[in-house]
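**Student:** any chance you can model this:
(2 chains)
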Number of protein chains: 2
Amino acid sequence: MITIMARITARAGSEDELRQVLEHLLAPTRQEVGCVSYELFHNQDNPLEFVTVERWREQSAADAHLATQHVAAAIQRAGALMTAAPLIHRFQPVD
Amino acid sequence: MITIMARITARAGSEDELRQVLEHLLAPTRQEVGCVSYELFHNQDNPLEFVTVERWREQSAADAHLATQHVAAAIQRAGALMTAAPLIHRFQPVD
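**Tutor:** Residues are numbered from 1 along each chain as shown, chains lettered A, B, ... in the order given. Predicted coordinates for the structure are as follows:
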């Protein structure tokens, strides 16, 4: 299983609109083949920050996600709402 | 339910030792009253970074965790292994 977390930072004043864009990704993403879970979180201590916690069956499923139409649409809508590109990293569980 | 994520950054060269300290927290933390889940992840793109994803039944359980003997021992051991204090934030799930 692949775990990915992305940190997404809104431009000040754009956090509500960015939240809507990210929220619209939840349903179609969770229906993708190979998506084990896809959660979106809003930082309560820093309202500009959102984090996704994503579990994918394998790397190819995570790659395919980035090539979907819903992600392309979100990137287009979110571009002006963020201060920088999302920080997307792969994580290894430690047990 | 309370979701907390902590970002913990190792001093370069101390990541293996820090990983051991953090790994030792898993078993006793998961046995705490009010701990729903407690996961530790290692950033595969930045080996100096670790992230915990923590679910607690309520805030008091998360507070009690920070007052446990195993956390106190970990803080003492980890102090010299990190570049700064962990960044600990509360998160609200967006659904």
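
**Student:** would you agree A:Ser60 is in contact with A:Gly34?
**Tutor:** Yes: if you go by C-beta atoms under 8 Å, A:Ser60 and A:Gly34 touch, sitting 7.2 Å apart. C-betas here are computed from N, CA, C, even on glycine.

**Student:** neighbour-wise, which of those two wins?
**Tutor:** More crowded of A:Ser60 and A:Gly34, by other C-beta atoms under 10 Å in any protein chain shown: A:Gly34, with 16 against 12.

**Student:** gap between that one and chain B?
**Tutor:** Using C-beta to the nearest C-beta, to the nearest Å, A:Gly34 is found at 18 Å from chain B.

**Student:** and the residue lying closest to that residue once chain neighbours are set aside, backbone torsions?
**Tutor:** Nearest residue to A:Gly34, sequence neighbours excluded (C-beta to C-beta, 6 or more residues apart in numbering or on different chains): A:Ala61, at 2.5 Å. The phi/psi pair for A:Ala61 (degrees, to the nearest 10) reads phi -70, psi -40.

**Student:** list the contacts of A:Ala61.
**Tutor:** Shown in contact with A:Ala61 (C-beta atoms under 8 Å, 6 or more residues apart in numbering or on different chains): A:Ile2, A:Glu32, A:Val33, A:Gly34, A:Cys35.

**Student:** biggest helix in chain A by residues?
**Tutor:** When chain A is parsed with DSSP state H, its longest helix is helix A:15-30.

**Student:** what is that helix packed up against?
**Tutor:** strand A:35-43, strand A:49-56, helix A:69-78, strand B:87-94 (3 or more C-beta pairs under 8 Å, 6 or more residues apart in numbering or on different chains; DSSP states H and E).

**Student:** can you list the strands that the last one pairs with?
**Tutor:** To tie it back to what came earlier, the one meant is strand B:87-94. strand A:35-43 (antiparallel), strand B:2-9 (antiparallel) (DSSP bridges).

**Student:** would you reformat these as TSV and include mean neighbour count and distance to B:Leu87?
**Tutor:** Shown next, in TSV, are the strands paired with strand B:87-94 (neighbours: other C-beta atoms under 10 Å in any protein chain shown; distance: least, C-beta to C-beta, whole Å):
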stretch	mean neighbour count	distance to B:Leu87
strand A:35-43	18	10
strand B:2-9	19	4
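
**Student:** and those as TSV, adding distance to A:Ala10 and mean pLDDT?
**Tutor:** Below are the strands paired with strand B:87-94 laid out as TSV (distance: least, C-beta to C-beta, whole Å; pLDDT from 0 to 100):
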stretch	distance to A:Ala10	mean pLDDT
strand A:35-43	10	98
strand B:2-9	17	98
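
**Student:** want to throw the ones you listed into TSV with distance to A:Leu26?
**Tutor:** Shown next, in TSV, are these (distance: least, C-beta to C-beta, whole Å):
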stretch	distance to A:Leu26
strand A:35-43	6
strand B:2-9	16
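
**Student:** before I go, just wanted to say thanks for your time.
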